[in-house]
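Participant: Pasting the sequence and the predicted model now:
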Number of protein chains: 2
Amino acid sequence: MSLYKIEINDFFTSAFSVDCVIFGYEDGEIKALLIQRGMEPFKHFWAIPGDLVYPNEDLPDAASRILHELTGLSDVEMHQSHTFGSPERHPQGRVITIAYFALIRITDFEIKASSWAEKAQWVSLNEIPALAFDHSTILSSTYELLKQKLTYEPICFELLPERFTLNELQQLYEYAFNTIMDKANFRKKIKPLHLTPLNERQKNVKHRPAKLFKFDQSEYLKSVQDDNYQFKM
Amino acid sequence: MSLYKIEINDFFTSAFSVDCVIFGYEDGEIKALLIQRGMEPFKHFWAIPGDLVYPNEDLPDAASRILHELTGLSDVEMHQSHTFGSPERHPQGRVITIAYFALIRITDFEIKASSWAEKAQWVSLNEIPALAFDHSTILSSTYELLKQKLTYEPICFELLPERFTLNELQQLYEYAFNTIMDKANFRKKIKPLHLTPLNERQKNVKHRPAKLFKFDQSEYLKSVQDDNYQFKM
DNA sequence: TGACTTATTGTAAAAATTACTATATTTAGT
DNA sequence: ACTAAATATAGTAATTTTTACAATAAGTCA
């Protein structure tokens, strides 16, 4: 490539990838789904599941395909996070990557490493090792985005089991925002969500079992439309 | 490219661009800075200023360079918006684009179309014509992002003149959120921002001129740190 | 049964929001 | 210089929301 005249074809020498930051919640901790790379570069490093996008593939399709190939997950609705494009971020050439993220219920899915992923595993956010490429940055900035969204969208329910106790819900927020909330006041705060109480209780606890609730998405969307309700944690 | 074996080099056939969505505020309306394209494709169409990124150029650098080349603007701090990557979005090949956005004071800058931009002009969001590529989508989703940010970050001051009246501030919010607010209550709401009152007043108005204020960013950041203050409109 | 633990409800004080009123200040016109 | 008009600015009281804390209920386990 000449310094003085850059041809149009000189631009078409880049690749791009998607990286799928999948969050789950287990044992009172938020975890990310990581894979261990089975090929160079960064062979044997832990990484966010991601790969190059086919030249004719749409980005959301690529995200679904790649997540499935590497971890076995399918039918996961992903949303866009940020894009990372430093020229030095990939040793093999110019590769910019678009991060996607999703929240899933860990127990609803079976993880199975395949393709070039040696392992696939949930890792607590407190125990993230050194990651390949700039994946540490991608993970942490996507987690910040998640925390931001938690404050104005009721997406926490995508992490919790379908039936949950109010305490479990509260603990999730306490973990994410690193605070302690008053139990009674927390319940008042989530009143407008109209969580559906079930005729079921917690099992195998050595104290009074709490009632189980579930979140009704359509009910929520209706109150957003009808009452102009705006969720705010 | 074979269907059965895709070589690594087959991936390095894409290009990417940045598009710079620049918002300003004038005559009580939010406007976007648009250019008229002087070359194919979409010649003579209006578009968000943007272009291809050099193979070794970092994304923020590219955004600054391209914005300057097309509109003459420099020293504009831009933030990332979303990335758009549909395979059909660019007629000349696979080009994904990373949208950036910035808020600026219209009067602080001089717009000058150059390079392949035939014109560069502020256009009210109410009067946006059909745009090149998928730029209509990029503009509207970036505006949604802006409105979201306006609710939890005091960035409105980047749009207003350095010295502004409280009414001007209120009108900006009323425009963005499409609501009407009570004047007295609005002032209470912004009390925690500790806007600095100046010994100056509005000029050339045919009624009692309002006092001018300015926003002290460092003061704000201090109260975020010290008092754990969280701005919320 | 009773001790224990946690769930759930309640209450009252404090703080923030809302709707509205009153007053002050400046311009423009007589 | 005075007055009317317009708007800035401050204040007030009712309402709602938030907060801190207390009381009660309902299970488990020995």
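Facilitator: It's in.
Participant: Remind me which helix or strand residue A:100 belongs to.
Facilitator: strand A:95-103 (DSSP states H and E).
Participant: do residue A:120 as well
Facilitator: Using DSSP H and E, residue A:120 falls in strand A:117-124.
Participant: Name the strands paired with that strand and say parallel or antiparallel.
Facilitator: strand A:29-37 (antiparallel) (DSSP bridges).
Participant: about what we covered before: the following helix or strand past the strand holding residue A:120 near DNA strand C at all?
Facilitator: Once the chain leaves strand A:117-124, the next helix or strand it forms, by DSSP H and E, is helix A:135-152. No: with CB under 7 Å from any atom of the strand as the criterion, DNA strand C is not reached by helix A:135-152; the gap is at least 14.9 Å. Yep, even glycine has a C-beta here, placed from its N, CA and C like the rest.
Participant: which parts of helix A:135-152 are buried?
Facilitator: Under the neighbour-count criterion of 16 or more other CB atoms under 10 Å in any protein chain shown, helix A:135-152 has A:135, A:136, A:138, A:139, A:141, A:142, A:143, A:145, A:146, A:150 buried.
Participant: any chance of these in CSV, with pLDDT and distance to residue A:184 too?
Facilitator: Listed next are the buried residues of helix A:135-152 as CSV, based on pLDDT from 0 to 100; distance: CB to CB, whole Å:
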residue, pLDDT, distance to residue A:184
A:135, 98, 41
A:136, 98, 39
A:138, 98, 39
A:139, 98, 35
A:141, 98, 35
A:142, 98, 33
A:143, 98, 29
A:145, 97, 31
A:146, 98, 27
A:150, 96, 21
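Participant: now, which of those residues lie close to chain B?
Facilitator: Among the buried residues of helix A:135-152, proximity to chain B is found for none (CB under 8 Å from any CB of the partner chain).
Participant: Pull the distance from the helix or strand hosting residue A:68 to the chain's centre.
Facilitator: Per DSSP H and E, residue A:68 falls inside helix A:59-71. The chain centroid and the centroid of helix A:59-71 are separated by 14 Å, computed with CA atoms, centre = their mean, to the nearest Å.
Participant: in it, what's buried?
Facilitator: Quick answer for helix A:59-71 (16+ other CB under 10 Å): A:59, A:60, A:62, A:63, A:64, A:65, A:66, A:67, A:68, A:70, A:71.
Participant: Next to DNA strand D, which bits of chain A? Give me the list.
Facilitator: Counting by CB under 7 Å from any atom of the strand, chain A sits next to DNA strand D at A:182, A:184, A:185, A:188, A:189, A:201, A:205, A:206, A:207, A:208, A:209, A:232.
Participant: what's the pLDDT at the fifth one?
Facilitator: By that I understand residue A:189. Note on residue A:189: pLDDT of 95.
Participant: Fine by me, we can end here.
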